[in-house]
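Asks: Generate coordinates for the sequence data below:
(one chain, ligands or ions: 1)
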Amino acid sequence: MPINKHAFFDGKFVPIEDAKVSIMTHALNYGTGCFEGIRAYWNDEERQLFAFRLAEHYKRLHDSAAILLIDLPYTVEELCDATVELLRLEGFREDTYVRPLAFKSQEGIGVRLNGVKDSFAMFATPFGKYMEKEEGAKVCVSSWRRIYDTSVPARAKCTGAYVNSALCKSEAEMNGFDEAIVLTRGGSVSEGSAENFFMVRSGVLITPGITSDILEGITRQTLLQVAREELHMSVKERTVDRTELYVCDEAFLCGTGVQIAAIASIDHRPIGDGRIGPVTRKLRELYFDIVRGKMPRYRNWCTPVYEDQRSGD
Ligand code: PMP
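Replies: Model (predicted):
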C-alpha cells in the first residue's frame, strides 16, 4: 500500500489508484514528458511543512514544457496552489518529495511532439535521504557523456533524458562508487548524474556555467546566492576541466534530491583530507536552516502548507 493517497491528475484530485495511464501512452513509449522534483520540509517547532522554491520549480517546468511543445494549461501560481492543496490533502508531517509531471498522453503510434495530446499529473510521497554517504561520497568520472543541447537538451528536465542519468549512476554503483560526474561532449565537467557540481579552489566557489549542458538547478542557484550573501565568498560560473577535479580543495554535489553531498574522493584521488570541507559544511548547515524556514532573510522561498500552527497550541 502506498503511503500517499491522492494525486492531482488532469485538473482533479483523485485517489492515487485511479491515476493510471495506458501502456499505449506516448510518454511511456517515447520518453516525451517533463517533470520536477520538489521538496517540502517539516519544521517541528512551528508544526509546519514548507515547500521550497515552488515558483522557481514551476517556472522551470514551464520552460521544459515549452522546449518539448507540451501544453501546460496552468499558471505558475495555479501549480503552486495545487501543490499546497495536494500536500494538505495528504497531511504529511515529515519531509516530503513532490513530483509534478507534464507529458504526452496520446495513445497510439507516431513519434512527434506537435499535435499530440498532453496531460499533467502530480503526486507527493515522504522522502528522506537520496544518497547514503552525504558526508563523503566516493565519486568517479563517468565513461558516458552528458546529453547535449542540440540533441537532447539538458536544460529541459525531460523524462527521456534520464536514461543518460541512469546509465551514469548505474555504471558508478556497479563499479563500487556512490555517484558519477559526467563530462560534456567536449570533455569539460558538466554535472553529476542528477545533481549539479561545485568545487572550491583557493577560496573561490566554482561551478560549471549554464552552457555546460547542465540542468539549471534551483539548489545550484540557491547556493550561489547564499555563498555570496552569507559567506561573502567569491563565486564563479565557468568551464571546469577534468583534472581540476583532482586538485580542488573541496567538492560537492547538490540538488533537490541529494541536497548537499560532500565528495570524499574522485577517481580514487582524495579531495582535501577526504572529509567534508569547511565551505561544504557551512553551506549544508545554512541550506538546512533555509529550507526549514529558519532564516528570515530567505523565508519567502518557503511556502507554508498548513494554517499557522503556532497560535493556540
Ligand atoms: N541536474 C540534474 C540532471 C538533475 O536531475 C537535478 C535534479 N533536479 C539537478 C541537476 C539539480 O537540480 P535542482 O537543484 O533544481 O533539483
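
Asks: Give me every residue in the stretch 101-250 of the chain lying close to the ligand.
Replies: Taking C-beta under 6 Å from any ligand atom as the measure of proximity, the stretch 101-250 of the chain contacts the ligand at 165, 191, 194-196, 215, 217-220. From N, CA and C alone the C-beta is placed, and that goes for glycine too.

Asks: Can you name the residues that contact the spatially closest residue to residue 278 that is not a sequence neighbour?
Replies: Counting by C-beta to C-beta, 6 or more residues apart in numbering, residue 278 lies nearest to residue 250, which is 7.7 Å off, once chain neighbours are set aside. Counting by C-beta atoms under 8 Å, 6 or more residues apart in numbering, residue 250 makes contact with 199-200, 262-263, 271-272, 277-280.

Asks: count of residues packed around the residue nearest to residue 89 when sequence neighbours are not counted?
Replies: What sits nearest to residue 89 in space, not counting adjacent residues and going by C-beta to C-beta, 6+ apart, is residue 6, at 4.9 Å. Neighbourhood size, residue 6 [other C-beta atoms under 10 Å]: 21.

Asks: go on, residue 254?
Replies: Residue 254 sits with 26 neighbouring residues when counted by other C-beta under 10 Å.

Asks: And what about it, helix, strand or coil?
Replies: Following DSSP: H, G, I helix; E, B strand; the rest coil, residue 254 is assigned to strand.

Asks: I'd like the distance between it and the ligand.
Replies: Taking C-beta to the nearest ligand atom, to the nearest Å as the criterion, residue 254 is separated from the ligand by 6 Å.

Asks: Please report how far that residue lies from residue 82.
Replies: As for residue 254, its distance to residue 82 is 27 Å (criterion: C-beta to C-beta, to the nearest Å).

Asks: before we move on, what about residue 243?
Replies: Taking C-beta to C-beta as the measure, residue 243 falls 46 Å from residue 82.

Asks: If you count surrounding residues, which of these two has more?
Replies: Under the criterion of other C-beta under 10 Å, the comparison of residue 243 against residue 82 puts residue 82 first, with 18 against 9.

Asks: Quick check: residue 205 is in a strand.
Replies: Yes: the assignment for residue 205 is a strand, going by three-state DSSP.

Asks: thought it was touching residue 279?
Replies: Yes: Residue 205 lies in contact with residue 279 (C-beta atoms under 8 Å); the separation is 6.7 Å.

Asks: list residues touching both of those two?
Replies: Between them, residue 205 and residue 279 have 227, 233 as joint contacts when contacts are counted by C-beta under 8 Å, 6+ apart.

Asks: returning to what we had before: what confidence value was assigned to the residue nearest to residue 89?
Replies: The pLDDT attached to residue 6 in the predicted structure is 97.

Asks: List the residues that contact it.
Replies: 13-16, 86, 89-90, 123.

Asks: same check, this time on residue 277
Replies: Counting by C-beta under 8 Å, 6+ apart, residue 277 makes contact with 200, 249-250, 262, 271.
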